[in-house]
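Novice: no sequence for this one, just the structure:
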Ligand SMILES: Nc1ncnc2c1ncn2[C@@H]1O[C@H](COP(=O)(O)OP(=O)(O)OP(=O)(O)O)[C@@H](O)[C@H]1O
């Protein structure tokens with residue numbers, strides 16, 4: 001098994017283009033409308049320059065290795081998954097690659113299906129491996145998936161229980177009838193254990209538990225067990241890698257602050273920076289408000305919509321496909337009903353055009369309804385959104401799919417916006433927000449403060465209330481996991497360097513040059529390199 005963790009490297013955010021869409025498209029027929037939408041999708045996409053870390057993952061995947069990819073928020077995990085899926089499909093053919101995520105929202109984001117629907121496991125199942133196997137064998141579709149799968153991607157692993165992870169491995173080994181870990185399936189597992197997880201003390205039920213209202217759920221979910229605690233975890237991967245180059249933020253002070261919060265440090269000197277964000281007197285009306293609880297979010301959005309005192313327009317989703325699979329839409333981000341009016345604050349919930357900044361999480365205001373374009377299904381005029389970036393766009397319906405491998409089993413058609421005066425912190429995981437007004441009062445979960453604060457690119461875009469250092473919480477098992485991951489990499493670095501330095505006396509110089517050219521701005525890497533160098537000298541190498 002290999003461990004691989006590079007030093008922390010900071011990079012500036014991507015520069016997005018400025019071209020806008022026409023605000024008043026006029027499409028004669030439904031087919032023309034679909035054609036035009038397809039052409040728009042094919043517009044130039046931004047070029048991604050893969051980092052060395054990302055490249056090492058891609059080359060490992062290309063060689064058939066099983067990998068675990070982790071890293072802070074905004075390190076490009078999801079971006080990498082898309083590229084990995086392309087590679088896997090070339091390696092194993094389309095129909096043998098299954099892309100899954102532990103939640104509906106995450107599954108939509110990576111154009112996959114939920115882990116449960118792929119595997120045939122129900123959420124309420126007892127995770128005893130033999131019991132799980134018995135459940136799956138009775139399901140023809142799931143058994144077929146397991147027999148067919150050659151590569152399995154699992155995103156948002158922080159939300160998968162250790163027992164479930166072991167159970168899935170047991171099923172794979174048995175149904176594949178191959179006596180290897182995971183029955184020889186190439187596994188790609190992705191996630192950040194420092195962000196939110198839905199179970200145990202990390203869920204809203206955890207709050208009930210703390211307050212002493214011992215509900216059935218809270219009793220059951222008292223113990224948090226992370227996938228990395230699974231007995232098969234270490235044998236499951238050839239490579240475990242922590243991506244360290246952060247793309248979402250570029251301000252070094254902010255990055256350091258977020259890293260400290262991610263590690264659960266509630267006394268970091270950079271915490272003082274948050275004080276400035278707490279003392280803002282004027283609230284930017286374009287900022288998305290984030291709250292720990294859904295009920296607050298719903299209340300704020302409803303109150304705001306009502307206060308506009310305008311006629312509302314209602315868009316109902318059109319669902320098609322398998323009835324049981326359609327239920328999955330309820331858990332996803334695709335809204336069933338969108339109720340809006342002129343002046344409403346909204347947010348895109350699908351990437352429309354990454355190059356133009358029209359991405360999941362982009363916010364704007366409804367400035368009117370297009371007189372020339374009807375929603376083909378509801379007959380309503382389509383809404384025109386003035387995005388905060390300045391772009392004006394008529395929002396047309398898009399499709400979300402529930403997949404079973406490479407088969408679409410259900411489709412939802414809806415306009416891809418939701419009301420966005422307020423959102424829950426759980427819902428914003430994975431999003432980049434232009435501006436956020438975060439109220440952390442009552443934040444109850446490990447990683448909640450980190451997940452919320454890491455959504456914005458700059459400290460200036462943050463308006464904070466209800467914050468106290470005690471809200472910074474990281475599970476100690478999670479911290480230990482990351483320390484082990486880093487230290488195993490460090491000792492591997494040292495071993496390799498020692499071998500190199502025995503072979504060539506110039507190896508330290510070469511490494512030094514490499515560090516200074518590749519990681520110019522990377523103080524952490526440099527410090528680590530210096531520490532290693534010191535250890536070298538102490539060991540008698542020079
Ligand atoms: N190699 C790269 N070059 C330039 N931009 C990149 C690169 N990799 C990722 N990005 C950009 O970084 C941003 C964050 O990426 P992404 O959403 O994939 O991060 P993430 O690790 O999945 O974040 P989160 O954990 O919050 O979901 C995106 O805008 C993405 O386009």
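Specialist: All right, it came through fine. All values derive from a computational prediction rather than experimental measurement.

Novice: next one: phi and psi at residue 69?
Specialist: Torsion angles at residue 69 (phi, psi; degrees, to the nearest 10) stand at phi -110, psi 120.

Novice: which parts of this protein sit against the ligand?
Specialist: Neighbours of the ligand within the chain, by Cβ under 6 Å from any ligand atom: 14, 48-51, 54, 71, 73-79, 192, 247-248, 430. In short, each C-beta sits where N, CA and C put it, glycine included.

Novice: By neighbour count, sort out the buried ones in those.
Specialist: Among these, those classed as buried by 16 or more other Cβ atoms under 10 Å are 51, 54, 71, 73-79, 192, 247-248, 430.

Novice: Keep only those of those that are in helices.
Specialist: Cross-referencing these against helices under DSSP state H gives 54, 77-79.

Novice: and the two most separated of these?
Specialist: Among these, the pair separated by the greatest distance (Cβ to Cβ) is 54 and 78, at 11.9 Å.

Novice: By proximity to the ligand, which residue of the stretch 301-450 of the chain wins?
Specialist: residue 430 (3.8 Å; Cβ to the nearest ligand atom).

Novice: Run a quick neighbour tally on residue 459.
Specialist: 18 (other Cβ atoms under 10 Å).

Novice: Sticking with the closest residue to it other than its chain neighbours, tell me its helix or strand.
Specialist: Spatial nearest neighbour of residue 459, excluding adjacent residues (Cβ to Cβ, 6 or more residues apart in numbering): residue 254 at 5.0 Å. Counting by DSSP states H and E, the element that carries residue 254 is helix 252-262.

Novice: Would you mind identifying the next helix or strand past that helix?
Specialist: Heading C-terminal from helix 252-262 (DSSP H and E), you reach helix 272-278.

Novice: Provide the contact partners of stretch 460-470 at residue level.
Specialist: Stretch 460-470 has contacts (Cβ atoms under 8 Å, 6 or more residues apart in numbering) with 266-267, 271, 274, 277-278, 280, 283-284, 287, 433-443, 449, 453, 456.

Novice: let me fix that: stretch 374-384
Specialist: Applying Cβ under 8 Å, 6+ apart, the contact partners of stretch 374-384 are 23, 30, 33, 313-316, 318, 340, 346, 366-371, 373, 392-397, 413, 415, 417.

Novice: can we see that at 10 Å?
Specialist: With Cβ atoms under 10 Å, 6 or more residues apart in numbering as the test, stretch 374-384 has contacts from 23-25, 27, 29-30, 33-34, 313-318, 338, 340-342, 344, 346, 364-373, 392-397, 413-415, 417.

Novice: coming back round to it: show me the contacts for the residue nearest to residue 459.
Specialist: So residue 254 contacts 10, 246, 248, 270, 273-274, 453-454, 456-462 (Cβ under 10 Å, 6+ apart).

Novice: of those residues, buried ones?
Specialist: The buried subset of the contacts of residue 254 (16+ other Cβ under 10 Å) comprises 10, 246, 248, 270, 273-274, 453-454, 456-457, 459, 461-462.

Novice: hmm, which two among those residues are most spread apart?
Specialist: Every pair of the buried ones among the contacts of residue 254 checked by Cβ to Cβ; the farthest is 10 and 274, at 19.3 Å.

Novice: ok, so what distance separates residue 387 from residue 408?
Specialist: Noted for residue 387: a distance of 30 Å to residue 408, by Cβ to Cβ, to the nearest Å.

Novice: Which one of the residues in the stretch 1-150 of the chain is closest to the ligand?
Specialist: Closest point on the stretch 1-150 of the chain to the ligand, by Cβ to the nearest ligand atom, is residue 76, at 2.8 Å.

Novice: what's that residue in contact with, if anything?
Specialist: Each residue near residue 76 by Cβ under 10 Å, 6+ apart is listed here: 11, 48, 50-51, 53-54, 69, 83, 243, 245-248.

Novice: re the thing from before, of the buried ones among the contacts of residue 254, which is the nearest to the ligand?
Specialist: residue 248 (5.1 Å).

Novice: The closest one against residue 456, yeah?
Specialist: Yes. Using Cβ atoms under 10 Å, residue 248 is in contact with residue 456, at 8.3 Å.

Novice: What sits closest to residue 419 if chain neighbours are left out?
Specialist: Per Cβ to Cβ, 6+ apart, closest to residue 419 is residue 301, 4.4 Å.

Novice: where exactly do the strands run in the stretch 251-400 of the chain?
Specialist: Secondary structure of the stretch 251-400 of the chain (DSSP state E, counting those that start in this stretch): strands at 288-291, 313-316, 318-321, 337-340, 345-348, 363-374, 381-387, 392-394, 398-404.

Novice: and what of the stretch 1-150 of the chain?
Specialist: Under DSSP E, counting those that start in this stretch, the stretch 1-150 of the chain gives strands at 2-5, 9-10, 67-71, 97-101, 113-114.

Novice: weakest of those strands in terms of mean pLDDT?
Specialist: Mean pLDDT values for the strands of the stretch 1-150 of the chain show the minimum at strand 9-10, a mean of 32.

Novice: and residue 400, what does it touch?
Specialist: With contact taken as Cβ under 10 Å, 6+ apart, residue 400 is in contact with 104, 107-108, 111, 317, 319, 328-329, 332-335, 349-350, 410-414, 416.

Novice: ugh, typo on my part, it should be residue 99
Specialist: Taking Cβ under 10 Å, 6+ apart as the definition, contacts of residue 99 comprise 81-82, 84-85, 88-89, 107, 110-113, 118, 151-155, 188, 403, 405-406.

Novice: again with residue 456
Specialist: Here residue 456 is in contact with 248-249, 254, 277, 287-288, 290, 432-436, 438, 462-463 (Cβ under 10 Å, 6+ apart).

Novice: Quick check: bridge partners of it?
Specialist: Beta-bridge pairing of residue 456 under DSSP bridges involves residue 433.

Novice: Name the nearest residue to residue 438, sequence neighbours excluded.
Specialist: Nearest non-adjacent residue to residue 438 (Cβ to Cβ, 6+ apart): residue 290, at 4.5 Å.

Novice: how near is the one you found to the ligand?
Specialist: Distance from residue 290 to the ligand, counting by Cβ to the nearest ligand atom, to the nearest Å: 14 Å.

Novice: what about that residue, neighbour count?
Specialist: When neighbours are counted by other Cβ under 10 Å, residue 290 registers 28.

Novice: What strand or helix carries the residue nearest to residue 321 when sequence neighbours are not counted?
Specialist: Closest residue to residue 321 apart from its sequence neighbours, by Cβ to Cβ, 6+ apart: residue 410 at 3.1 Å. Element membership for residue 410, per DSSP H and E: strand 407-414.

Novice: who does that strand touch, helix- and strand-wise?
Specialist: strand 113-114, strand 318-321, helix 323-326, strand 398-404 (3 or more Cβ pairs under 10 Å, 6 or more residues apart in numbering; DSSP states H and E).

Novice: Least reliable of these by average pLDDT, please.
Specialist: helix 323-326 has the lowest average pLDDT among these, namely a mean of 74.

Novice: List the buried residues of it.
Specialist: Buried positions in helix 323-326, judged by neighbour count with 16+ other Cβ under 10 Å: 325-326.

Novice: Give the other helices and strands that it contacts.
Specialist: Using 3+ Cβ pairs under 10 Å, 6+ apart as the test, helix 323-326 ends up in contact with strand 318-321, strand 398-404, strand 407-414.

Novice: rerun that using 8 Å as the cut-off
Specialist: Judged by 3 or more Cβ pairs under 8 Å, 6 or more residues apart in numbering; DSSP states H and E, helix 323-326 is in contact with strand 398-404, strand 407-414.

Novice: Mean neighbour count, these: which tops it?
Specialist: Mean neighbours per residue, mean count of other Cβ atoms under 10 Å, is largest over those for strand 398-404, with a mean of 20.
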